[in-house]
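Visitor: Coordinates for the following, if possible.
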Amino acid sequence: MAAVNLLAVIAGTLGIPPNEITESSDMSNTKKWDSLRQVMLMTELETSYGIELTDQEMTEATSVAKIRAVLAERGLS
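Guide: Residues are numbered from 1 along each chain as shown. Sure thing, here's the model as predicted:
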């Protein structure tokens with residue numbers, strides 16, 4: 001499987017330029033990252049990484065750092 005660029009996936013799902021997503025981006029400081037886009041983002045991550053996230057993971061993964069932590073727990077980066 002080809003490497004997935006997490007920041008590009010997030011930017012694409014939120015519909016914002018990739019340079020507006022950083023390692024410190026989260027729902028509180030990123031435009032367009034609202035609850036609806038959060039659901040869309042979790043679905044896109046599942047598709048991109050070939051995984052199925054738990055409800056708890058989806059609820060907690062509200063920042064780039066937290067998403068990376070969830071992926072790392074599954075052996076993905």
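
Visitor: Would you mark the buried spots in stretch 42-59?
Guide: 42, 44, 45, 48, 49, 53, 57, 58 (16 or more other C-beta atoms under 10 Å). Yep, even glycine has a C-beta here, placed from its N, CA and C like the rest.

Visitor: mind listing which of these are in helices?
Guide: Judged by DSSP state H, the buried residues of stretch 42-59 include 42, 44, 45, 48, 49, 57, 58 as members of helices.

Visitor: re the thing from before, closest one of the buried residues of stretch 42-59 to residue 31?
Guide: residue 44 (17.7 Å; C-beta to C-beta).

Visitor: Give me the spatial nearest neighbour of the closest one, chain neighbours excluded.
Guide: residue 13 (4.8 Å; C-beta to C-beta, 6 or more residues apart in numbering).

Visitor: quick one, helices of this structure?
Guide: Under DSSP H, the chain gives helices at 6-14, 35-49, 55-60, 64-73.

Visitor: which residues of this structure score low on pLDDT?
Guide: Residue ranges of the chain with pLDDT under 70: 1-3, 77.

Visitor: and with 90 instead?
Guide: Scanning the chain for pLDDT under 90 picks out 1-4, 76-77.

Visitor: shouldn't residue 34 be in contact with residue 26?
Guide: No. Counting by C-beta atoms under 8 Å, residue 34 does not reach residue 26; the two are 12.0 Å apart.

Visitor: related to what we said a few turns ago, can the ones in helices among the buried residues of stretch 42-59 go into CSV with extra columns for distance to residue 5?
Guide: Converted to CSV, those look like this (distance: C-beta to C-beta, whole Å):
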residue, distance to residue 5
42, 17
44, 12
45, 12
48, 9
49, 12
57, 20
58, 21
